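Colleague: predicted model and sequence follow; I will ask about them next.
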Amino acid sequence: MVEGYNIAFKIGTKTICGRTQDDLTIAARLTESITKDDAGDAQVTVSGHDVTFSASGMVEVGNTTASKMDRDDLMEQALKKGSNAPIAFVYSATGGDTYSGNCIMTQYRETSNATDIATWQADFRVSGSMTKSGSGSGA
């Protein structure tokens, strides 16, 4: 059995608060070529990676902790455009390696119901590369 673990997700210096789930997808970008020497068999190489991730959780409004990013911070980030849209991030698992880079928030959603429960979900795409920036320290 594989145990789950909590992934810490930071944008700049603030950790996204109220998180209940995080997802990461790394998809290889492939380049296919074929030459006479390949005898009809296509050759495939990895030319890069598309990295996307999402986070979701309970909505926190008006958080006064300077190190936590709340609903208003997330909504503000979702509305940025141009050179203000890319943001630095750190992605790490407790005790695992740390990765960092720049990302763009591609979608933000809030959901609420008739009771007092409200949730958010945000999707991000890495702009440039996601690189290993620490070993085994995690958050």
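Modeller: Alright, I've got the coordinates.

Colleague: how about Ser100, nearest residue that isn't a chain neighbour?
Modeller: In this structure, Ser100 finds its nearest non-sequential neighbour in Ser133, 4.3 Å apart by Cβ to Cβ, 6 or more residues apart in numbering. C-betas here are computed from N, CA, C, even on glycine.

Colleague: distance of the residue nearest the centre of the chain from Ser127?
Modeller: Centroid-nearest residue in the chain, with Cα atoms, centre = their mean: Phe53, separated by 3.5 Å. From Phe53 over to Ser127 the distance is 13 Å, taken as Cβ to Cβ, to the nearest Å.

Colleague: residues shared between the contacts of these two?
Modeller: Cys103 (Cβ atoms under 8 Å, 6 or more residues apart in numbering).

Colleague: what pairs with the helix or strand bottoming out on mean pLDDT in the chain, parallel or antiparallel?
Modeller: Within the chain, no helix or strand scores below strand 7-11, which has a mean of 76 by mean pLDDT, DSSP states H and E. Applying DSSP bridges, strand 7-11 is found paired with strand 14-16 (antiparallel), strand 87-93 (antiparallel).

Colleague: with just CA atoms, put it into PDB.
Modeller: Provided in PDB are the C-alpha atoms of strand 7-11 (Å, rounded to 0.1, in the frame of the first residue of the first chain):
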ATOM      1  CA  ILE A   7       2.600  18.600  -1.000                       C
ATOM      2  CA  ALA A   8       3.600  22.100   0.000                       C
ATOM      3  CA  PHE A   9       2.900  24.600  -2.800                       C
ATOM      4  CA  LYS A  10       4.200  28.200  -2.500                       C
ATOM      5  CA  ILE A  11       3.800  31.100  -4.800                       C
END
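
Colleague: centre of the chain to it, how far?
Modeller: 8 Å (Cα atoms, centre = their mean, to the nearest Å).

Colleague: helix/strand/coil for Leu74?
Modeller: helix (DSSP: H, G, I helix; E, B strand; the rest coil).
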